[in-house]
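Engineer: Sequence plus predicted model, see below.
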Amino acid sequence: MNMFGGGDGRYLEMTNGGTAVFVDVLTLAVSALAHEPWDFRFAALLTLQDQSVMGRGVVGFGLAELNWGDTPKDQAAAKDFLLRVLDLALTRHRWEELTYEPPRAEGYLRTYRSMVEEFDPATAGGGTDILPGPQEAAMASCVRHRVLDALPFWEGCVFCTDGA
């Protein structure tokens with residue numbers, strides 16, 4: 001089971017198919033909104049949730065594992081970015097381009113948005129940071145699918161690796 005953790009022991013647990021949908025719709029949104037270095041690092045972390053490459057049932061991360069920034073201003077900006085990504089995904093941004101209908105995606109997004117909204121970045125684990133480094137940030141774009149891709153980890157985006 002793939003798990004995305006929030007604060008206070010809350011988790012969003014999803015099946016492999018549910019996780020693939022969650023990552024797909026977040027990838028469409030994060031690609032449209034990423035502008036700052038933290039945004040691109042988060043996008044890279046999202047690409048690492050690609051089960052076609054990482055393996056099924058083994059992806060996920062906790063909000064407390066992220067380095068949200070060194071100052072309250074940086075933390076607030078990072079949290080605001082993630083909330084804006086979730087809000088854009090909830091508008092069904094580019095979902096018409098998916099090769100399937102994502103029936104549970106809205107529920108997953110609403111649950112995760114609630115978890116992010118309630119999370120205090122200042123409580124994130126000291127010394128823990130699973131965000132890829134600045135040199136590994138998802139800065140390249142998949143021309144075919146118009147989303148940020150997984151370079152330098154592997155060639156292609158989440159849509160290329162699943163054969164879409």
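Structural biologist: All right, it came through fine.

Engineer: For residue 112, give me its contacts.
Structural biologist: For residue 112, the contact set (Cβ atoms under 8 Å, 6 or more residues apart in numbering) comprises 4, 6, 12, 22, 86. Heads up, the C-betas are built off the backbone N, CA and C, glycines and all.

Engineer: Next, it: secondary structure please.
Structural biologist: Taken by DSSP: H, G, I helix; E, B strand; the rest coil, the conformation at residue 112 corresponds to helix.

Engineer: what pLDDT does it get?
Structural biologist: Per-residue pLDDT puts residue 112 at 95.

Engineer: immediately after the helix or strand of the chain with the lowest mean pLDDT, which helix or strand?
Structural biologist: Across the helices and strands of the chain, mean pLDDT, DSSP states H and E gives its lowest value to helix 51-54, namely a mean of 62. On the C-terminal side of helix 51-54, the nearest following helix or strand under DSSP states H and E is helix 72-90.

Engineer: before we move on, the earlier item: which members of the contacts of residue 112 are the farthest-apart pair?
Structural biologist: The largest separation in those, counting by Cβ to Cβ, is between 6 and 22 at 14.0 Å.
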